[in-house]
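Peer 1: compute the structure for the input listed below.
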Amino acid sequence: MISGRFESDQLGPVVSPTAPCPEVEALYGIEGYFAPPSGYGAPYSNGGSWLGIKSAALCLGITSDLRPGYGWSELATMFATWGLGLAVVIDLDRLPGGSLDNCAMVVVGEKPETGRSIGNRVPSRYVVSGQVVSEGGALVTISRVTEQGTVGYPEIDFNYVIQGICTK
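Peer 2: The predicted structure follows:
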């Protein structure tokens with residue numbers, strides 16, 4: 001079983017390097033395109049809901065600012081194209097066979113409650129867009145699928161839940 005809730009208010013400050021962001025950059029072969037420092041990310045803290053998860057972060061490459069503003073949309077699109085986004089390291093020691101081979105995962109995102117509003121639940125689709133195994137952990141990257149069917153950067157102000165089940 002893999003389970004975790006990643007709350008937007010549990011995001012730490014953007015720092016470099018942030019695990020597992022350098023590994024994400026290496027997975028997609030983009031680390032060579034960045035001038036140091038790279039590996040920036042905002043780590044999530046474990047609010048006690050993680051089961052089988054070692055670490056998680058929103059990876060930002062060379063950007064040290066997570067606040068949306070002028071140009072954020074274009075930057076987020078570029079990040080998504082590079083494979084950056086929500087990165088989660090799964091503890092393989094807890095899984096049958098020590099791999100993700102027989103696992104199925106679902107990711108759900110929701111906008112946090114901001115008072116009485118009908119618009120707090122925004123439908124989005126998420127996809128596990130990459131994975132690599134290293135040092136007893138499996139790095140899983142998660143991207144948003146836009147309304148146009150392209151890969152997008154996860155919403156930075158959303159809460160995410162990942163659930164996975166594995167069989168032998």
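
Peer 1: spatially nearest residue to the residue positioned nearest the centre of the chain, not counting backbone neighbours?
Peer 2: In the chain, the centroid-proximal residue (CA atoms, centre = their mean) is residue 86; its distance is 1.1 Å. Spatial nearest neighbour of residue 86, chain neighbours left out: residue 142 (4.2 Å); criterion: CB to CB, 6 or more residues apart in numbering. (Each C-beta comes from the backbone N, C-alpha and C, glycine too.)

Peer 1: any idea how far that neighbour is from residue 164?
Peer 2: 12 Å (CB to CB, to the nearest Å).

Peer 1: same thing with residue 90?
Peer 2: Applying CB to CB, the value for residue 90 to residue 164 is 8 Å.

Peer 1: can you name the helix or strand that the closest residue to residue 106 other than its chain neighbours falls in?
Peer 2: Computed as CB to CB, 6+ apart, the closest residue to residue 106 that is not its neighbour in sequence is residue 163, at 5.2 Å. Counting by DSSP states H and E, the element that carries residue 163 is strand 159-166.

Peer 1: flag the shaky bits of the chain, pLDDT-wise.
Peer 2: For the chain, applying pLDDT under 70 flags the ranges 34-36, 66-70, 113-124, 129-130.

Peer 1: tell me which stretches of the chain form strands.
Peer 2: Secondary structure of the chain by DSSP state E: the strands cover 2-6, 40-43, 53-61, 86-91, 103-110, 125-134, 137-145, 151-152, 159-166.

Peer 1: okay, now the residue nearest to residue 17 when sequence neighbours are not counted: neighbour count?
Peer 2: Nearest non-adjacent residue to residue 17, counting by CB to CB, 6+ apart: residue 39, 3.5 Å away. Residues lying near residue 39 (other CB atoms under 10 Å) number 24.

Peer 1: just the one 4 residues further on next, same as before
Peer 2: Here the count is done by other CB under 10 Å, and residue 43 has 21 residues near it.

Peer 1: what's near enough to touch it?
Peer 2: Contact analysis of residue 43 by CB atoms under 8 Å, 6 or more residues apart in numbering lists 11-12, 15, 18-19, 55-57.

Peer 1: which of these are buried, as a ChimeraX select command?
Peer 2: Of the contacts of residue 43, the buried ones can be selected in ChimeraX as follows, counting by 16 or more other CB atoms under 10 Å:
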select :11,18,19,55,56,57
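
Peer 1: that concludes my questions; thank you for your assistance.
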